[in-house]
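S.K.: Compute the structure for the input listed below.
(chains A and B)
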Amino acid sequence: MSNHAPFRISAQRGGALAVAVHVVLLFCVLAQVVYLATRHRVRVDLTSDKIYSLTASTRGLLQKLDQRLVVEAYFSPKDKLPVNYRETRAVLDNFLDELVQLGKGKVVLKRYDPNSDKAIADRCSRIGVKPADLKSTSSTSLSVDRHWQGVRLVYGGKHKVLEMVAPPSSFVAEATITPAIKEVITETKHRFGFMEWPVMAAGQQNPGGIGWNVLRTIDQIAKRYEFQNYKDEDSPLLPADLETLFLFRPRDLTDRQKYVIDQFVVRGGTLVVFADAVEYAIGPQRQFTRIPFQLDAPGSARKLVDQLAHYGIDWKPKVLADIVQQAHTPRDVMTAPFEYLAVQENTQFGARFGWTPYPYFFHPVATDWSLVADQLARDDDGKVDAAVADQYRKTFGPGLPADDFLFKTFKQLGRGPGLYWPTWVGLREKAGGVPDMPEGVTGRVLMQSSPAVLAEDPPANLDPFGRGDPSARSVQYQKFMQNLKGRFRSEPRMQAPLMVEVRGAFTSFFADGDRPKRPSEIKEEEARKAAEAKKDEAQKPADPTKPGEQGPPPPEAGKAETPPIPAEAAPVRKGDKPGRIVMVGDADFLRDDFVRGDMRQAGGPWSALAGVFFLQTLDWLAEDRDLVDLQARVPVDRTLKFASDEPVAANDARVAEQTLRRRTNWLRGLNVVLPCALLTAFGLVVWFVRRAQKRVFLDSLPN
Amino acid sequence: MREGLVIFRRELRSYFLSPIAYVFGGLFLGILLFVASASSLQNGAQANMQAFFGLLPFLLLLFVPALTMRSWAEERKQGTIELLMTFPVTGAQLVLGKFAAAVAYLAFVLVLTLGLPLTLAAYGRLDWTPILGSYLASVLFASSFVAVGMFWSSLTRDQIIAMLVSLVTLLALYMLGYPQLIELMAQWLPAVCIDLLNGISPYKYFESIGRGVIDTRDIVYFACFCGFFLYANTLVLQARRQKG
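M.R.: The predicted structure follows:
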C-alpha cells in the first residue's frame, strides 16, 4: 500500500491542477460571455412611465432629420476620469450609441480626444467646449487633471455646443441632449408678440420692475421662439403676419390699446391673456397688502371686462381661494415647502421652513371632482343628500378637463401649475348657467379649481399672520383659517374656471362707433385746433389796448414739424378668419421674482411649474409637439395617502393626527406580524401533519 | 432530470421539516419588514419599495451563508454524503437539486413579503412592474449568494467555517459594488482592475434590474456567476467521489 502512496499523491496533485485549470478556463469563458452580453444587449424597461427609455420625442426628432446630424464628442479617455465621473461617461456613451442606432445613418458620431492633440484642444476652446480640472487622488499623489466631456451638434449651417455634459442617468442625458438637437434642427423661429405692464417691486422707485423677462429669455425658449414687444399704442395696428399676441398682466388699458387688441382678434389672431384682478405687495413677513390696480386707464370709455365678455369670456375680477388641502399643498412639501407659503419653525433638528396652508395660492387638481360628489353633499351630521350629490355629479368635472398636449405633463403630475391669488375666468353664461356664447364662437374651459373654491371681491389685505409677535401671528393665522372654513360651510359648492379658450369669427367690440384715435392723431388734432384758433384770433382786428400781441403769424396747420403719421388699415367690423383667445386667470405665476424664487429664503412663494407651463403653452400655440413626450416624462406622483383629502375640513387636527398615527402603526404592525404568523402557522401545520403521520406509523407497528 | 428533481424535493422538504428554516425565515422577515415598513409606510411618502430592496441584499448577505452552510458540510459531518454519492445521480444533478431547493425556499420567504407592496398599492399609485422586476432581481441575487455559499460548504466539513468564509466572500463581492469603496480603491489600483472588480459584484447588477430594467447583460451575468460556482462545486464533488 505504501508503495502506491507517491502515485496517489501525484494523482491527487494532478487532479487538483486539472480542477484549477478547469476553473480558470471556465472563468475566462464566462467572463467573455458576460463581455459579449454587454456589447450585444437587449433591454426591456418595465417602468410604467418608461423612465429608462428614450421618449418618442427623441425618436420623432431623429426621424425628421433630412440632413446628417454630426455629433462631435470631445471626450478625454474614460479610464483617466475620476471614478465618480466614469459612470456619467458610460451613460453618455450609451445614449450617443443609441442615437446613432436610431438615426439610421442620419446621425454620425465623431469622437475626439482633446488631451491627445493640442489642435483639438484649441478647437474646443474656439467652439466653446470647456474642460474641467478635476482632482484625482492616489495613495502617493494628489493631482489635478484636465478632462473633457463636451458635445457639439452640427446640422446644416447650425451648431450647438454643450460645453460639459455629465449626466447621472439616461433620463438626464436625454433631457439635456434632445432639446439641443431640437434647437439645432429648428429652421425658423416662431414669432410671438407681447404687451407687458410691469409692476414695481416693494421699495422700487421706477416702474418696470417685475415683468416676465425670465421666462422669455431662458435658453430653451429664447433659442426656439422670438418675442417682440408691441405695447406702443401710437403705432398702426399689429402687423398682419403676427399670429399670436400675449397680454401679460393687462392694466391701465387705454381705448386705443383695446382697439388694437380687438382688431388683432377680429382679423384672426390668437390672443393669450394672463390676467390678474388685483395686486398685492408682499411684505418681508409675508404681509399681503393690496396696492392700487385698475384694468382700464382713467378716462377710458370701454371696459376690458366688457370687451372680453363681448368675445364670450366671463371674467369676474374676484380673488379665489381653494379650500381643498390637495389643491394648496406644494408639490414637494418636504424639500420645497415654500412653493406656496412656508413659515420658519423650530424643530429638534433646528430651524426649518414648514409649509403653511394658504388657500389663495393653489393649483388645479387633475382629479375628476364628480367622483367625490357624495362627500361634498354631506351635511353636518355626515348624511349624504342624494339629490344634491346627483346634481354635483352632473355639474362638477376634472380640474384639467382638456386633452390637449399642453396638459400632458400636468396630468402626469396630477396637478396644474401653481396660481397665486388667481381670478375667475370662465365662459359667458346666461342665468341658470346656460352657455351664452356669441354667434359663431365656441369655447371651453381648460383648467378649473376644485368644487371647494371661495370667490370674493379682493380685500384690502390677504395677510394670514398679521404683524404681532409669534403668538399673536399664530392666533391671527388660526382666525384667518377659521374665517375661510366658516365661509366654506355657508357658501355654495362651485368650481371656478381658471383658464378658457374661445375660438371663432369674432365681431369687433368697437363696431358700433368710431375707432379710438391714436395719441399722435389726438395731438395732431389738438395742434390743428389750436392753430385754427390762433388763426381766427389773428384774423380778428387788432385790439389797440394789447400792443404786445402783434407778433409773427403762427405756423400754418399741416406745416408743423412733426413726422407724418403712418396710415392705418380701416377697421374690420366682423372677421372672416377665425380668431382665438386663451385666457388664464393669473399672471403672478409667470412674474420674474416668483419664477426665480427670489422669496424662497423668506418662505415663498416660488412658482415651480411656471417654466414648464409657459414652454408648453408656446409649443401648444405653435402646434409643435416635438418635445411634448420628453417634457411629459416627469415622475408620477405616487404619494401615499393614509388620510383622505376630503374637502370637508377636519374638525380637530389633533384627532385627525391621532387617527393617522393609529392607522400607520396598525398597517406597519400588520405588515410585520402577518407574514411571520403565516410562516409560523405553516410550520405548525407541517409539525401536526408530521406528528399525525408518526403516530399512524407507530400504531401500524406490531407491539 | 428526474433524479435532480428527487434531490430537489428531498432538500426542499428538509428545509420545511427543520425548525431552523422557520427561525431563519421568521427572523429574516421580521427584521426586513420591520425596517422597510417603518421607512415606507408613512403618510406623504412615495409609494415605492426602495427601503425594502435597499436592505434586502444586506440581509441576504447575512442570512444566506447561514442557510447554505449546512448544504454539504452537514452531509459530510453526518456521513450521509457517502450515501448520496452512491445514488444513481451525477454530481451536477446533486448540486443543481440542492441549489434549486435553497433558491425555492428563499423565493417562498420573499413571497411572504408581498403584503408590503399590496399595502403600498392600496394607499398610493404603486408601479407594479418594476417591483416585480426587483423581486426577480432579488431571486437572482439570492441565487448567486446561494451558489457561493454552497461552494464553500462543499469544501469544508465545519459548518461555521463554511458560513464565515461564505460571509467574507459575499461581503467582499457586495462591497465591490459600492461606488464609495471603488472610489477609495481607485487610489491604489489601475482603472482596468477597478472596472473588472466592479464588474464582478452582483450588487451592481441587482441594482440595475431592481430599478425596473430587464437587461440581457444582467441576466447573463447572474447565469454565468451561478454557473461558475455551481460548476466549481460539481468539480469538488467529483474530485471527492474519485478520491473515494
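
S.K.: Low-confidence stretches in the stretch 501-650 of chain A?
M.R.: Filtered on pLDDT under 70, the stretch 501-650 of chain A yields the residue ranges A:541-566, A:635, A:644-650.

S.K.: Compute the first-to-last residue distance for stretch B:167-184.
M.R.: 22 Å (Cα to Cα, to the nearest Å).

S.K.: quick one: low-confidence ranges for the chain?
M.R.: Since no chain was named, I'll use chain A. For chain A, the stretches flagged by pLDDT under 70 are A:1-15, A:136-141, A:200-209, A:347-349, A:541-566, A:635, A:644-654, A:703.

S.K.: actually it's chain B I care about, not the one you picked
M.R.: B:1, B:243-244.

S.K.: Helix or strand: which one has residue 36?
M.R.: As the question left the chain open, I've gone with chain A. Per DSSP states H and E, residue A:36 falls inside helix A:5-39.

S.K.: Sorry, I should have been clearer: chain B.
M.R.: Per DSSP H and E: helix B:19-40 holds residue B:36.

S.K.: list the buried ones in that helix?
M.R.: By 16 or more other Cβ atoms under 10 Å in any protein chain shown, the buried positions in helix B:19-40 come out as B:21-22, B:24-26, B:28-29, B:32-37, B:39-40. Glycine gets a C-beta too; all of them are placed from N, C-alpha and C.

S.K.: What of stretch A:629-638?
M.R.: Going by neighbour count (16+ other Cβ under 10 Å), the buried part of stretch A:629-638 is A:629-633, A:636.

S.K.: what residues does that stretch touch?
M.R.: Residues outside stretch A:629-638 that contact it (Cβ atoms under 8 Å, 6 or more residues apart in numbering or on different chains): A:48-51, A:55-58, A:60, A:171, A:174-175, A:178-179, A:408-409, A:412-415, A:612, A:615-616, B:46-48, B:124-127.

S.K.: okay, how far is it across that stretch, tip to tip?
M.R.: Start-to-end span of stretch A:629-638 (Cα to Cα) is 20 Å.

S.K.: Off-centre distance for that stretch?
M.R.: Taking Cα atoms, centre = their mean, to the nearest Å, one finds stretch A:629-638 lying 12 Å from the centre of the chain it belongs to.

S.K.: Give me the distance between the residue nearest to residue A:37 when sequence neighbours are not counted and residue B:227.
M.R.: Leaving out its chain neighbours, the residue that sits closest to residue A:37 by Cβ to Cβ, 6 or more residues apart in numbering or on different chains is residue B:220, at 3.7 Å. Counting by Cβ to Cβ, to the nearest Å, the gap from residue B:220 to residue B:227 is 10 Å.

S.K.: which one of the two has more residues nearby?
M.R.: Using other Cβ atoms under 10 Å in any protein chain shown, the more surrounded residue of residue B:220 and residue B:227 is residue B:220, with 20 against 16.

S.K.: all strands for chain B, in order.
M.R.: B:213-215 (DSSP state E).

S.K.: Could you pull out the helices in it for me?
M.R.: Under the criterion DSSP state H, helices of chain B are mapped to B:2-17, B:19-40, B:50-78, B:80-86, B:91-111, B:115-123, B:128-155, B:159-175, B:179-185, B:191-200, B:202-210, B:216-243.

S.K.: Looking at these, which is nearest to residue A:291?
M.R.: Smallest distance to residue A:291 across the helices of chain B (Cβ to Cβ): 44.6 Å, for helix B:115-123.

S.K.: Which other helices and strands does the closest one contact?
M.R.: Contact here means 3 or more Cβ pairs under 8 Å, 6 or more residues apart in numbering or on different chains; DSSP states H and E; on that basis helix B:115-123 packs against helix A:653-700, helix B:19-40, helix B:128-155.

S.K.: if you set the cut-off to 10 Å instead, what comes out?
M.R.: helix A:653-700, helix B:19-40, helix B:50-78, helix B:128-155 (3 or more Cβ pairs under 10 Å, 6 or more residues apart in numbering or on different chains; DSSP states H and E).

S.K.: Tell me which of these sits most buried.
M.R.: Greatest average neighbour count among those goes to helix B:128-155 (a mean of 24), per mean count of other Cβ atoms under 10 Å in any protein chain shown.

S.K.: how much distance is there from that helix to the middle of the chain?
M.R.: Computed by Cα atoms, centre = their mean, the separation of helix B:128-155 from the middle of its chain amounts to 4 Å.

S.K.: who does that helix touch, helix- and strand-wise?
M.R.: Counting by 3+ Cβ pairs under 10 Å, 6+ apart, helix B:128-155 packs on strand A:43-45, helix B:50-78, helix B:91-111, helix B:115-123, helix B:159-175, helix B:202-210, strand B:213-215, helix B:216-243.

S.K.: As JSON lines, the helices of chain B with distance to residue A:508 would be great.
M.R.: Formatted as JSON lines, the helices of chain B follow (distance: least, Cβ to Cβ, whole Å):
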{"stretch": "helix B:2-17", "distance to residue A:508": "85"}
{"stretch": "helix B:19-40", "distance to residue A:508": "61"}
{"stretch": "helix B:50-78", "distance to residue A:508": "60"}
{"stretch": "helix B:80-86", "distance to residue A:508": "98"}
{"stretch": "helix B:91-111", "distance to residue A:508": "72"}
{"stretch": "helix B:115-123", "distance to residue A:508": "56"}
{"stretch": "helix B:128-155", "distance to residue A:508": "56"}
{"stretch": "helix B:159-175", "distance to residue A:508": "76"}
{"stretch": "helix B:179-185", "distance to residue A:508": "67"}
{"stretch": "helix B:191-200", "distance to residue A:508": "72"}
{"stretch": "helix B:202-210", "distance to residue A:508": "64"}
{"stretch": "helix B:216-243", "distance to residue A:508": "66"}
